[in-house]
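Asker: Need a 3D model of the sequence below.
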Amino acid sequence: MAQREVMLNSIWPITILAAGLYCAICLYLFLMQAKLLYYPDVPSRKLTASPADIGLEYESVSITTGDGIDIHGWFMPAQQARGALLFFHGNAGNISHRLDSLKIFHDLELATLIIDYRGYGRSQGSISEQGTYLDAEAAWNYLTQTRKIPAHRIVVFGRSLGGPIAAYTATRQTPGALILESTFTSVPDMAARLYPFFPVRWLSRFQYNTGKMLLSVSCPVLIIHSPDDEIIPFENGQKLLLNAKEPKEILKISGGHNEGFLVSGNTYIVGIRSFIEAALPVPQLNGKNAIEE
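Answerer: Now for the predicted structure:
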């Protein structure tokens, strides 16, 4: 009996310590979610290049959001443009780190608007989920109201974190098409995968529920994902495809999360071109751009 009491007395401090550590990690996950999700300073907020460095004409634009935040972006026209593409990038870096993608979209005959979310690059404010949605709305309004581009000639494109932001836009507006690349189903789903021993679904203050949003999207949808994606598993793309309405397609690429679109080369480019040609057929416009119809 005495030996049992000694064992219990020795176990209790360990149990209390373990419980305290577990609670401390839960508190950390709850309080530090924004820092775990957003990386505007990686590698930095400084713009390190511009489209001019790869021979693309562009305009630097400042767009004011509904809550009075000025966000920064670039608009790149394209000769004989088939349509316009609204580009929402991932959770790290800024627009100057997406030149490879901008070149691809330009070669696909798409005028492109890319923005930095609030708190990223030269954009003002502090990042938040609701803030990114307001940024997206402002960018859409810039294309449709300032640039006078018809909604049905706009492709909304989101990569990684940009995916739910693009999907949100497509639920509120009527774009010609939606493309989601290397995107997750929701933040709680991703958190549960990364921290399986903690109640992260209950702790999560961010949703970015791409899967749920897709249920309300009516335009053609292209899901792009790589089975080699080491950050967001391929099954996320498969689940998103299930939630999307017809017409929908999935483009399977190769390579990791951040370089798959480059590693896949022609597979990536031809796949997007085929989808866009079907979603945005070009009418007879007597030499005009399709976005000027």
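Asker: quick one, what contacts residue 261?
Answerer: By C-beta atoms under 8 Å, 6 or more residues apart in numbering, the residues touching residue 261 are 100, 101, 104, 159, 181, 224, 253, 255, 268. In short, each C-beta sits where N, CA and C put it, glycine included.
Asker: which residues touch stretch 99-109?
Answerer: So stretch 99-109 is in contact with 49, 51, 53-54, 56, 74, 76, 78-82, 85, 87, 112, 114, 157, 159, 261-262, 268-269, 272-273, 276, going by C-beta under 8 Å, 6+ apart.
Asker: Find the nearest non-adjacent residue to residue 154, please.
Answerer: Leaving aside its sequence neighbours, residue 154 sits nearest to residue 175 (C-beta to C-beta, 6 or more residues apart in numbering; 4.7 Å).
Asker: Report the buried members of the contacts of residue 261.
Answerer: Buried residues within the contacts of residue 261, counting neighbours by 16 or more other C-beta atoms under 10 Å: 101, 104, 159, 181, 224, 253, 255, 268.
Asker: Now do the contacts for the last one.
Answerer: This points to residue 268. Here residue 268 is in contact with 104, 224, 251, 253, 260, 261, 262 (C-beta under 8 Å, 6+ apart).
Asker: Any idea what the second one is bridged to?
Answerer: By that I understand residue 224. Legend: beta-bridge partners of residue 224 under DSSP bridges are residue 181, residue 251.
Asker: State the distance from it to residue 236.
Answerer: 12 Å (C-beta to C-beta, to the nearest Å).
Asker: Ok, the third one next?
Answerer: Going from residue 251 to residue 236 by C-beta to C-beta gives 14 Å.
Asker: and what of residue 137?
Answerer: Taking C-beta to C-beta, one finds residue 137 at 25 Å from residue 236.
Asker: Which one of the two is surrounded by more residues?
Answerer: More crowded of residue 137 and residue 236, by other C-beta atoms under 10 Å: residue 236, with 25 against 16.
Asker: I figured the residue nearest to residue 154 hits residue 150, correct?
Answerer: No: the pair residue 175 / residue 150 is not scored as a contact, 10.1 Å apart, by C-beta atoms under 8 Å.
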